[in-house]
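> Need a 3D model of the following:
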Amino acid sequence: MHVNYGATSGKIDKRTLTDIIRDAVTAVNAYDPPVSTLVCMHRQSSAKHRRSDFIRQIREQHRIALIDVCPPKLSSYCVDLLSDFAVSQVHLERVDDTDGTGVILYCRVMTVESLSELQKMIDSGRLSRLFSDMLRQMTLTETGGLMSRIFCGIFRWFTGTAVTATVSLSARQYNMASAALNGN
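A predicted model of the protein is given here:
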């Protein structure tokens, strides 16, 4: 999956974002066993309130794993990204920089359902918004926490597409993954 930064201001250190995501992935992958158990329990639960409780617990485990890894102003975004992937059973394995124009996320999916969930996150714009907010946050001063997220949302509303990330999974990549999962 490719995250393209598009036309951004020169204030963003793109290499830093790649490094932050890479460090977050490494930390969460090292902390995986409790999260894997919670994801299995989430998938097996049919009660909506229990599923929400498992998602909250997954987010909390990711937050704990990222305490010393992510800068405070990006921590909640990294938790959102990694928790969304975990719940969808998309395993983020590796992150590479694309010569300053974006990030390549190497994901492992084991089921057609997981691949479909990944495509839904891309098609809905959820991942593009998440990465755009992360990039925007990197251009803002250190305000931290909830106020920082609120300000980022207001900033996005007033500026429109000042800092934009697009997330894509090519049709070729999707078809190859789908064929492999279906045994074709």
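> The chain: helices as residue ranges?
14-30, 32-44, 48-65, 72-87, 112-123, 126-139, 145-159, 171-182 (DSSP state H).
> Other residues contacting the fourth one?
So that's helix 72-87. The contact list for helix 72-87 (CB atoms under 8 Å, 6 or more residues apart in numbering) reads 20-21, 24-25, 28, 35, 39, 42, 55, 58-59, 62-63, 66-67, 69-70, 91-92, 107, 121, 126-127, 130, 133-134, 137-138, 140, 142-145, 148-149. C-beta: built from backbone N, CA, C; applies to glycine.
> quick one: that helix to helix 112-123, angle?
140 degrees (axes from the mean of the first three to the mean of the last three CA atoms, to 10 degrees).
> shouldn't residue 104 be in contact with residue 96?
Yes - when contacts are counted by CB atoms under 8 Å, residue 104 is listed as touching residue 96 (4.7 Å).
> more crowded one of these two?
residue 104 (14 against 11; other CB atoms under 10 Å).
> hey, what's that one bridged with?
Residue 104 has these beta-bridge partners by DSSP bridges: residue 2, residue 96.
> contacting residues around it?
Residue 104 neighbours (CB under 8 Å, 6+ apart): 1, 2, 3, 95, 96, 97, 98.
> filter those residues to the buried ones?
Among those, those classed as buried by 16 or more other CB atoms under 10 Å are 1, 3, 95, 97.
> Would you check that the first one makes contact with residue 128?
Read it as residue 1. No - using CB under 8 Å, residue 1 makes no contact with residue 128, being 11.2 Å away.
> so what's in contact with these two at the same time?
Common neighbours of residue 1 and residue 128 (CB under 8 Å, 6+ apart) are 122, 167.
> quick revisit: for the contacts of residue 104, point out the one with the lowest pLDDT.
Within the contacts of residue 104, pLDDT reaches its minimum at residue 98, with 75.
> how near is the residue lying closest to that one once chain neighbours are set aside to residue 1?
Spatially, and ignoring its direct neighbours in sequence, residue 98 is nearest to residue 104 (5.8 Å; CB to CB, 6 or more residues apart in numbering). From residue 104 across to residue 1, the span is 7 Å (CB to CB, to the nearest Å).
> again with residue 67
26 Å.
> Could I get the average pLDDT for stretch 51-64?
On average, stretch 51-64 scores 90.
> okay, residue 113: pLDDT?
91.
> Would you agree it is in contact with residue 119?
No - here residue 113 does not reach residue 119: they are 10.7 Å apart, not a contact under CB under 8 Å.
> Which one's more surrounded, these two?
residue 119 (16 against 13).
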